[in-house]
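Undergrad: Sequence plus predicted model, see below.
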Amino acid sequence: MIRVTVWNEYLHEKNEPAVAAVYPRGIHNAIADFLNEDANIKAGTATLEEPEHGLTQEVLDNTDVLIWWGHMGHARVSDEIVERVYQRVLNGMGLICLHSAHFSKIFKRITGTRCSLRWRDIHENERIWTIDPTHPIAQGVPPYFELEQEEMYGERFDIPTPDELIFLGWFRGGELFRSGITYRRGFGKIFYFQPGHEMYGNFYNENVQKIIRNAVYWAKSTFTCEPYFNGDAVPPPNAFVNEIDLEPHKEYGKR
Ligand code: ZN
């Protein structure tokens, strides 16, 4: 069982009727709902205005993969909670940052850069290209697919060179964007995925759902030991050698 927590600031849906019409129970529940259709996934939710943003140490300790959607509330996320999430990532929790989470404190902490980009919201269409079809996150995803409407995110995306580049987005205005990328930090795996503007229903899109579901499977740690950081000095290898187990040296064949 993969334990997922879907975190959403949950502000647009509560304050803007047009967004509430798209996601009546919030983006977090829309994502948790399709993930919970998978018998191997148990997805819960957490939001900004809950105590500790719903991300207590206990919640994080019982989360294999954290999904993050934020936009207007980035600055309201406490630095203490960001650090708590970051430490859990270093200890092996997977992290999936969606759309405007590119500007979240946690994604900036992960990347160490400004994470700025070009953007434009004119209801244009996006074509997403799968450029690494062998990657686990791309399994079952066609070579390309269309989103009828999405906010344009364009390069340059101010991030460190990703460990892997899985999807590229092309927009009608001509821009390109590194739409699906991965990083590893400590023992944790991180996936950033660009679609998911609050005005468009792209979290209902079959391919977007498939990618997020695949990313949950990919990001769950397969590391089953306790992470260690700075262990005791290891004795030199010859301290383990039992001399009587060694065969005496012989010469073999011609020189
Ligand atoms: Zn947006």
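TA: Perfect, thanks for sending it. Numbers count the residues shown, from 1 in each chain.

Undergrad: Would you mind listing what in the stretch 101-250 of the chain touches the ion?
TA: Residues of the stretch 101-250 of the chain lying close to the ion by C-beta under 5 Å from the ion are 151, 197. (Each C-beta comes from the backbone N, C-alpha and C, glycine too.)

Undergrad: Skipping its backbone neighbours, what lies nearest the residue in the stretch 101-250 of the chain positioned nearest to the ion in space?
TA: When distances are taken as C-beta to the ion, the stretch 101-250 of the chain reaches nearest to the ion at H197, 3.6 Å away. Sequence neighbours aside, E151 is the residue nearest to H197 in space, at 3.9 Å (criterion: C-beta to C-beta, 6 or more residues apart in numbering).

Undergrad: can you check I137 too?
TA: Among residues not flanking I137 along the chain, N214 sits closest, at 4.5 Å (C-beta to C-beta, 6+ apart).

Undergrad: Tell me where the stretch 1-150 of the chain has strands.
TA: Taking DSSP state E, counting those that start in this stretch, the strands of the stretch 1-150 of the chain run over residues 2-8, 41-47, 65-69, 94-98, 118-120, 126-130, 144-147.

Undergrad: by contact count, what packs against the lengthiest strand in the chain?
TA: Scanning the chain for the longest strand, with DSSP state E as the assignment, gives strand 176-185. Contacting strand 176-185 under the criterion 3 or more C-beta pairs under 8 Å, 6 or more residues apart in numbering; DSSP states H and E are the following elements: helix 105-111, strand 152-154, strand 164-171, strand 188-193.

Undergrad: can we see that at 7 Å?
TA: Here strand 176-185 touches strand 152-154, strand 164-171, strand 188-193, going by 3 or more C-beta pairs under 7 Å, 6 or more residues apart in numbering; DSSP states H and E.

Undergrad: Tell me which residues of it come out buried.
TA: In terms of neighbour count (16 or more other C-beta atoms under 10 Å), strand 176-185 has its buried residues at 177-183, 185.

Undergrad: those helices in the stretch 1-150 of the chain, which residues are they?
TA: Listed in chain order, the helices of the stretch 1-150 of the chain (DSSP state H, counting those that start in this stretch) span residues 12-15, 17-22, 26-35, 57-61, 79-90, 105-111.

Undergrad: any chance of the ones you listed in CSV, with mean neighbour count too?
TA: As requested, the helices of the stretch 1-150 of the chain are arranged in CSV below (neighbours: other C-beta atoms under 10 Å):
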stretch, mean neighbour count
helix 12-15, 17
helix 17-22, 14
helix 26-35, 22
helix 57-61, 14
helix 79-90, 17
helix 105-111, 21
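
Undergrad: can the ones you listed go into a markdown table with extra columns for mean pLDDT?
TA: Below are the helices of the stretch 1-150 of the chain laid out as a markdown table (pLDDT from 0 to 100):
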| stretch | mean pLDDT |
| --- | --- |
| helix 12-15 | 97 |
| helix 17-22 | 98 |
| helix 26-35 | 98 |
| helix 57-61 | 98 |
| helix 79-90 | 98 |
| helix 105-111 | 98 |
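
Undergrad: In CSV, list these along with distance to L147.
TA: What follows is the helices of the stretch 1-150 of the chain, written out as CSV (distance: least, C-beta to C-beta, whole Å):
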stretch, distance to L147
helix 12-15, 19
helix 17-22, 14
helix 26-35, 15
helix 57-61, 31
helix 79-90, 28
helix 105-111, 21
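
Undergrad: how about those, which one is nearest T161?
TA: helix 105-111 (10.4 Å; C-beta to C-beta).
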